[in-house]
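> what would the 3D arrangement of this be:
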Amino acid sequence: MTLTETILKTCFWCSAGGVGYTYLGYPVLIHTLSRLCGRPQSIPDVPDSGLPRVALLIAAHNEASVIEQRILNALALDYPRELIDIVIASDGSNDGTPDICRRFEGQVRVLDFPVRRGKAQTLNAALPLLDTDIVAFSDANTSMDSGALRRLASWFTDARVGAVCGRLILSDAGRNADGLYWRFETALKTCEGNLGGLLGANGAIYAIRRDLFQPLPPGTIVDDFVIPLAAKLKSGCRIVFDPDAIAHEDTAPDLRGEFRRRARIGAGALQSLATLWPLLSPRHGWTALALWSHKVLRWACPLLLIGALLASVALAGHPVYRAAFILQVAFYALCVIGTLVPSANPGVLRLFPMFAGMNIALLVGFVRWMRGTQSGAWNRTARLGEGKSVA
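Reported below is the predicted structural model:
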């Protein structure tokens, strides 16, 4: 065996092994560890008199089509009105979003920042203007269950808890299989939460102690990932996942909308390591394991997939690698067919094009991160069901 063959075979098996571990091995490992070592926590039973004051902060840019429904949903939450401050922080909206919010004067506080600076800077500007101990974050296109905020807030009666992440349920309609993928991610979150290694949150529904908030670096893209983990890095606090604190969102109506969102997240995820890299140290235990396995290797998968394909092409003279090449080509062919002809890709097979699209989006995000071309300002993603009434 020549040196070149040795290098190519090492590249293939490391690449294929990395992808296999990320999507198959790690889920099995974390599930097993959760059952053996995990300590599921019970939510404290807190009467109204013991609940903390909470600011529900919703950052919005040009959300006129959904902001009224979002406010009505917030006003309907099962939480003492004297203990909740609903705040809409408008980031340079020019579609009338602040005017719609002002219709609810006396019930909703509007922070109208006229110059668009991106979500990170909007949050940085809004947090010092709040006076509650707890800040809950949500999105303009989110609908929270009535008891969701009460569940988030109840955890903070435990002084060790610094952040709480709720569960986002995505509708899975049309050609987008993101709902299936999200259920997979929720299962991982549950296991990581049981071990005390939960990674970040979802912008639709999470809360943090206000004094643990660290101002975000300008241009931060995945603020909901950085904010809780920066708090953990600062204080060593617990991050709790409560699967019964539920919010709902519609998926993007097609793969194109989801692709744009994932490419942006991919760039932001890599960017976040500039702040969060100390958590990769083994001394951070379960958090380090989850960050390496669930995130860093996941973000590297586009490069690993390319490495496995190119190595199998170069080694196609060997039967094993020729078979591996054929299997990869067949897999990608199914992804293309599933994208172009959705009816040919029913049920769980919809994950094939979603898997390929997700990794292409991560690759695009990687390129944007390398070039520094991904803006921290966000453009809203259209969702199915916008404009429907709130129950």
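> any idea of the pLDDT on G338?
pLDDT, G338: 77.
> do the same with V341
Taking V341 on its own, its pLDDT is 72.
> that one: neighbouring residues, count only.
9 (other C-beta atoms under 10 Å). Heads up, the C-betas are built off the backbone N, CA and C, glycines and all.
> next one: it from N359, what distance?
Applying C-beta to C-beta, to the nearest Å, the value for V341 to N359 is 21 Å.
> likewise W182?
17 Å.
> what about stretch 295-314, average pLDDT?
96.
> mind listing what's buried along that stretch?
Residues 295-302, 304-305, 307-309, 311-314 are the ones in stretch 295-314 that count as buried (16 or more other C-beta atoms under 10 Å).
> what's the spacing between stretch 75-83 and its chain's center?
Distance of stretch 75-83 from its chain centroid, counting by C-alpha atoms, centre = their mean, to the nearest Å, is 26 Å.
> so W182 and N359 - more neighbours on which side?
Higher neighbour count among W182 and N359: N359, with 22 against 18, using other C-beta under 10 Å.
> would you map the helices across the stretch 101-250 of the chain?
119-126, 148-154, 178-195, 223-235 (DSSP state H, counting those that start in this stretch).
> other residues contacting the shortest one?
Helix 148-154 is touched from outside by 43-46, 51-52, 54, 56, 77-79, 84, 134, 136, 164, 166, 205-207, 242, 244-247, with contacts defined as C-beta atoms under 8 Å, 6 or more residues apart in numbering.
> who touches the residue nearest to the spatial centre of the chain in this structure?
Per C-alpha atoms, centre = their mean, the C-alpha nearest to the average position across the chain is that of N202, at 4.5 Å. With contacts defined as C-beta under 8 Å, 6+ apart, N202 is in contact with 165-166, 168, 224.
> if you set the cut-off to 10 Å instead, what comes out?
137-139, 142, 165-168, 182, 185-186, 189, 224-225, 247, 249 (C-beta atoms under 10 Å, 6 or more residues apart in numbering).
> and if you look at A125?
So A125 contacts 89, 91, 111, 113, 117, 215 (C-beta under 10 Å, 6+ apart).
> nearest to L8 among those residues?
Of all those, P215 has the smallest distance to L8: 46.9 Å, by C-beta to C-beta.
> between the two ends of stretch 248-258, how far is it?
Start-to-end span of stretch 248-258 (C-alpha to C-alpha, to the nearest Å) is 17 Å.
> where in the stretch 101-250 of the chain is pLDDT low?
172-179 (pLDDT under 70).
> let's see 90
169-186, 200-202, 218-219, 250 (pLDDT under 90).
> what's the domain layout of the chain?
1-37+255-375, 48-251 (automatic domain parsing).
> return the most buried member of those domains.
domain 48-251 (a mean of 20; mean count of other C-beta atoms under 10 Å).
> how long is that domain end to end?
34 Å.
> what about it, distance to the chain center?
Taking mean C-alpha positions (C-alpha atoms, centre = their mean), domain 48-251 and its chain are 12 Å apart.
> the stretch 201-350 of the chain: strands as residue ranges?
Along the stretch 201-350 of the chain, counting by DSSP state E, counting those that start in this stretch, strands occupy 206-209, 238-249.
> which elements pack onto the first one?
For strand 206-209, the contact count by 3 or more C-beta pairs under 10 Å, 6 or more residues apart in numbering; DSSP states H and E identifies strand 54-60, strand 134-138, helix 148-154, strand 161-170, helix 223-235, strand 238-249 as packing neighbours.
> how about it as CSV, C-alpha atoms only?
Provided in CSV are the C-alpha atoms of strand 206-209 (Å, rounded to 0.1, in the frame of the first residue of the first chain):
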residue,chain,number,x,y,z
TYR,A,206,-36.4,30.6,26.4
ALA,A,207,-35.6,32.7,29.5
ILE,A,208,-32.5,33.9,31.4
ARG,A,209,-31.7,35.8,34.5
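> just checking: what are the partner strands of it?
strand 134-138 (antiparallel), strand 161-170 (antiparallel) (DSSP bridges).
> and the angle from the longest one to strand 238-249?
By that I understand strand 161-170. Put simply, strand 161-170 runs at 30 degrees to strand 238-249, going by axes from the mean of the first three to the mean of the last three C-alpha atoms, to 10 degrees.
> just the angle between strand 161-170 and helix 223-235, please?
Using the same axes, to 10 degrees: strand 161-170 against helix 223-235 is 160 degrees.
> how about the strands paired with strand 206-209 in a markdown table, adding distance to I337?
Below are the strands paired with strand 206-209 laid out as a markdown table (distance: least, C-beta to C-beta, whole Å):
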| stretch | distance to I337 |
| --- | --- |
| strand 134-138 | 38 |
| strand 161-170 | 24 |
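> what's the closest of those to R35?
strand 161-170 (19.9 Å).
> rewinding a little: which one of the strands paired with strand 206-209 lies closest to L36?
The nearest among the strands paired with strand 206-209, by C-beta to C-beta, is strand 161-170 at 23.0 Å.
> how about the CA coordinates for the closest one, as CSV?
Output of strand 161-170 as CSV, limited to C-alpha atoms (Å, rounded to 0.1, in the frame of the first residue of the first chain):
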residue,chain,number,x,y,z
VAL,A,161,-30.8,27.8,37.3
GLY,A,162,-29.6,30.6,35.0
ALA,A,163,-31.5,29.8,31.8
VAL,A,164,-34.5,27.7,30.8
CYS,A,165,-35.2,26.5,27.3
GLY,A,166,-38.8,25.6,26.3
ARG,A,167,-39.8,23.2,23.4
LEU,A,168,-40.6,24.5,20.0
ILE,A,169,-43.1,22.5,17.9
LEU,A,170,-42.9,23.1,14.2
